[in-house]
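Q: Have a look at this prediction, sequence included:
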Amino acid sequence: MIGAALRLHVVTGGQRTAQLVRLRDTDVSRFTLKMLDPKGKRSAPRAHVLPVTDKMSAELALLPKKGHLLSTNDGETPMHPTSMSTWAAEVAERADIEDFQLKRVRSGIETILAEAGVSLHIRGQLQSHGIGGVQATHYDSHDYIPEKRDALAALYPLLLRPGLKKRTTAKNVTPLRRAPR
């Protein structure tokens, strides 16, 4: 379950852990995953919808089927965001990575997608940041699902590319792999 939660964080494009841990079974369909984004100057949280990819489906299948998907008690209550940070730090320590912080996954994914040519606007749509103003609030009602799907499709192979560690100077970058069964 721990590995699935951490991998889900990555394959969703580095979503905010505070939003991810609130996911419930009713927020996921075969095609979309809906989180609520309370950030920014708004009176109510904004729906942040992602397309469900094959990689997400594989990780979601390993999580509780009812209630809270990221839970340590079979869906009854959500896990705390710091649990994910703690687990990621433990994985990083076993991999001999110093000073790892889970929040760097989010910025690292943004950087990799920028290197791949994904526009700033689409990266913002994917990670639900920088979305505001008159145009976004009142005029642009496109959900960007196809563009988010393309960005997520581009992400996974980039994370697995040979030489990823060689291209980065950070000592705190390591791929998350599925645990042996």
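A: Structure's in. What do you need? Just so it is clear, the structure is predicted and the values come from calculations on it, not from any experiment. Numbering: from 1, shown residues only.
Q: residue boundaries of the helices in the protein?
A: 2-11, 17-20, 54-60, 81-94, 103-115, 120-127, 133-134, 145-160, 164-167 (DSSP state H).
Q: between the ones you listed, which gets nearest to T26?
A: helix 54-60 (13.1 Å; Cβ to Cβ). All C-beta spots, glycine's among them, are computed from the backbone N, C-alpha and C.
Q: contacting residues around that closest one?
A: Under the contact criterion Cβ atoms under 8 Å, 6 or more residues apart in numbering, helix 54-60 has outside partners 4-5, 7-8, 11-12, 28, 33, 50, 52, 69, 152, 156.
Q: coming back round to it: ok, which of the helices of the chain comes nearest R46?
A: Comparing the helices of the chain by Cβ to Cβ, helix 17-20 comes nearest, at 10.7 Å.
Q: centre of the chain versus that closest one, how much separation?
A: Taking Cα atoms, centre = their mean, to the nearest Å, one finds helix 17-20 lying 8 Å from the centre of the chain it belongs to.
Q: returning to what we had before: could you work out the most separated pair of the contacts of helix 54-60?
A: Maximum distance among those (Cβ to Cβ): 20.1 Å, for L69 and Y156.
Q: Who has more neighbours out of the two?
A: Legend: neighbour count by other Cβ atoms under 10 Å for L69 and Y156, higher for L69 (26 against 14).
Q: just checking, the more buried one touches T26?
A: No. L69 sits out of contact with T26 when judged by Cβ atoms under 8 Å, with a separation of 10.0 Å.
Q: got any ranges where this protein has weak pLDDT?
A: 40-42, 130-139, 163-181 (pLDDT under 70).
Q: about what we covered before: now restrict the contacts of helix 54-60 to buried residues only.
A: Restricting the contacts of helix 54-60 to buried positions leaves 4-5, 7-8, 11-12, 28, 33, 50, 52, 69, 152, with burial counted as 16 or more other Cβ atoms under 10 Å.
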